[in-house]
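Enquirer: sequence unknown, structure follows:
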């Protein structure tokens, strides 16, 4: 009898799993786009244009210590990053998605890889090249604006995990 009731409930409400699956596919595609665009930014206007397209005007970032920062504060660091050694790769992977009214809450894992020259000898022989892999976990809030998804906020769940010369 329990199986019959569960089957009936599933048949009466077939949209929910598909909708969640569709949302996950759409948002993962946006995360892939964000990662690829981040690797290609060369100017302040690249950063600004991308923010205007994919983020809400009132987007905020909450760091691992709980400090809230506006886009203007985060923008400064994004602009400074343009002159830093480039990332080799960046991958954002959805770990968990929870639908919400007019949006979704997403736990996302961000993995960045960067090759550095260790001038100080911090990771071994001075002047040697090393690959740093950094992993961060974030809680993102996405909202639907018309037919588009916009990132409303990003909260860093904990400090980064960094490994040297180890691939994931």
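Expert: Looks like it arrived, so ask away. These figures come from a predicted structure and were not determined experimentally. Numbering: from 1, shown residues only.
Enquirer: use CA for all of it now, contacts and neighbours both
Expert: OK.
Enquirer: would you map the strands across this protein?
Expert: Shown for the chain, the strands assigned by DSSP state E span residues 55-62, 68-70, 89-100, 103-118, 128-145, 148-156, 161-164.
Enquirer: of those strands, give the one that comes closest to residue 29.
Expert: Residue 29 lies closest to strand 89-100 among those, at 9.8 Å (Cα to Cα).
Enquirer: what about the closest residue to residue 90 other than its chain neighbours, how many residues close to it?
Expert: Excluding its sequence neighbours, the residue lying closest to residue 90 (Cα to Cα, 6 or more residues apart in numbering) is residue 112, at 4.4 Å. Neighbours of residue 112 under the rule other Cα atoms under 10 Å: 18.
Enquirer: list the contacts of residue 112.
Expert: Residue 112 is in contact with 87-91, 133-135, counting by Cα atoms under 8 Å, 6 or more residues apart in numbering.
Enquirer: where among the strands of the chain is average confidence lowest?
Expert: Among those, strand 161-164 carries the lowest mean pLDDT, at a mean of 92.
Enquirer: contact partners of that one?
Expert: Identification of contacts with strand 161-164 by Cα under 8 Å, 6+ apart yields 123, 130-136.
Enquirer: may I see the residues you listed arranged in JSON lines, with distance to residue 82 and neighbour count as well?
Expert: Below are those laid out as JSON lines (distance: Cα to Cα, whole Å; neighbours: other Cα atoms under 10 Å):
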{"residue": "123", "distance to residue 82": "24", "neighbour count": "15"}
{"residue": "130", "distance to residue 82": "20", "neighbour count": "16"}
{"residue": "131", "distance to residue 82": "19", "neighbour count": "17"}
{"residue": "132", "distance to residue 82": "18", "neighbour count": "19"}
{"residue": "133", "distance to residue 82": "19", "neighbour count": "23"}
{"residue": "134", "distance to residue 82": "18", "neighbour count": "17"}
{"residue": "135", "distance to residue 82": "20", "neighbour count": "20"}
{"residue": "136", "distance to residue 82": "20", "neighbour count": "18"}
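Enquirer: just the closest of the residues you listed to residue 106, please.
Expert: For the contacts of strand 161-164, the residue nearest residue 106 by Cα to Cα is residue 136; the value is 13.6 Å.
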